[in-house]
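Student: Okay, structure incoming, though there's no sequence with it:
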């Protein structure tokens with residue numbers, strides 16, 4: 001078997017939530033390059049989403065575009081039903097969708113913001129997994145990949161609701177990995193560092209340099225840096241890897 005074929009995802013269908021921009025787009029395109037049929041999911045900005053899907057098609061990849069809120073049970077069910085009808089069962093799930101993440105002191109956050117973090121990082125993977133598991137269990141193969149963050153390991157301050165919700169998502173990942181292992185389904189997490197994307201366009205150069213200065217590899221991450229990790233966890237090369245949290249941050253969390 002060639003190295004390329006070990007990472008071949010031909011015949012698999014992958015759903016990447018929040019995947020028409022930023023890190024989600026990069027991971028979706030990485031899976032598509034390895035042969036997966038990719039569902040690009042978005043909740044707003046239809047024009048940007050359609051442009052992204054056009055790029056996917058222009059590159060010769062297969063897939064579909066789906067507008068759905070991944071924190072709404074009815075919309076999750078509708079989206080998955082539509083995908084199943086068009087492409088077949090979903091084999092690979094990448095939970096990536098995220099809301100805005102302003103940094104504030106604890107006194108400045110209200111509970112509604114905490115609840116929003118819980119909805120995106122705990123409710124969303126729960127709703128999606130519950131809907132997709134019948135197919136994965138029936139074929140005794142599946143991949144659930146949660147996108148976390150290095151902030152949990154770093155204990156980032158002025159970020160408590162986000163850090164707490166990511167901690168819950170990490171715990172959910174570990175528990176589900178144990179529960180689903182007998183069914184041939186792996187559940188893992190990828191935790192990026194600060195990788196600037198479109199929503200960081202207004203970041204001050206001093207902020208970027210302050211972060212870059214603590215990265216052992218002495219550079220900011222790129223969206224493409226996630227391609228290898230997500231492809232590995234989605235492929236058969238990771239058959240015996242589950243319950244893990246892979247940090248993609250140039251070594252920031254090694255010390």
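Tutor: Yep, that arrived. Note that this is a predicted model, so its numbers are computed, not measured. Numbers count the residues shown, from 1 in each chain.
Student: From here on, just use CA atoms for contacts and neighbour counts.
Tutor: Noted.
Student: Between the two ends of stretch 82-93, how far is it?
Tutor: 15 Å (CA to CA, to the nearest Å).
Student: swap in stretch 65-79?
Tutor: Stretch 65-79 has an end-to-end distance of 10 Å (CA to CA).
Student: again, but for stretch 202-217
Tutor: 24 Å.
Student: What are the buried residues along it?
Tutor: By neighbour count with 16 or more other CA atoms under 10 Å, stretch 202-217 contains the buried residues 208, 212, 215.
Student: correct me, but the last one touches residue 252?
Tutor: Read it as residue 215. Yes - Residue 215 lies in contact with residue 252 (CA atoms under 8 Å); the separation is 5.2 Å.
Student: hang on, residue 176 in a helix?
Tutor: Yes - secondary structure of residue 176 (DSSP: H, G, I helix; E, B strand; the rest coil): part of a helix.
Student: and it, how many neighbours?
Tutor: 20 (other CA atoms under 10 Å).
Student: got it, and the one 5 residues further on?
Tutor: Residue 181 has 19 neighbours, counted by other CA under 10 Å.
Student: how near is it to residue 50?
Tutor: For residue 181 relative to residue 50 (CA to CA), the value is 37 Å.
Student: what do you get for residue 6?
Tutor: For residue 6, the distance to residue 50 equals 32 Å [CA to CA].
Student: Mind checking which of those two has more residues around it?
Tutor: Neighbour tally, residue 6 and residue 50, criterion other CA under 10 Å: the higher count belongs to residue 50, 16 against 13.
Student: what does the helix or strand containing that one contact?
Tutor: Assigned by DSSP states H and E, residue 50 falls within helix 46-58. With contact meaning CA atoms under 8 Å, 6 or more residues apart in numbering, helix 46-58 is reached by 20, 21, 25, 29, 40, 42, 62, 63, 64, 65.
Student: ok, so what distance separates the second one from residue 79?
Tutor: Distance, residue 21 to residue 79, by CA to CA: 19 Å.
Student: go on, the last one?
Tutor: According to CA to CA, residue 65 stands 10 Å off from residue 79.
Student: ditto for the fourth one
Tutor: Distance, residue 29 to residue 79, using CA to CA: 20 Å.
Student: what do you get for the fifth one?
Tutor: Taken as CA to CA, the spacing of residue 40 relative to residue 79 amounts to 11 Å.
Student: Who are the contact partners of the closest residue in space to residue 62 that isn't next to it in sequence?
Tutor: Nearest residue to residue 62, sequence neighbours excluded (CA to CA, 6 or more residues apart in numbering): residue 37, at 4.9 Å. Contact analysis of residue 37 by CA under 8 Å, 6+ apart lists 10, 11, 12, 13, 14, 61, 62, 63, 64, 87.
Student: Show me which of these are buried.
Tutor: Buried among those (16+ other CA under 10 Å): 12, 13, 14, 61, 62, 63, 64, 87.
Student: ok, of those residues, which one's closest to residue 221?
Tutor: Nearest to residue 221 among those is residue 14, at 24.1 Å by CA to CA.
Student: The closest one contacts residue 34, doesn't it?
Tutor: No - with contacts counted by CA under 8 Å, residue 14 stays clear of residue 34, the gap being 11.2 Å.
Student: Helix, strand, or coil at the residue with the largest distance to the centre of the chain?
Tutor: Note on the chain: the largest C-alpha distance from the chain mean falls to residue 107, namely 29.6 Å (CA atoms, centre = their mean). At residue 107, secondary structure determined by three-state DSSP is helix.
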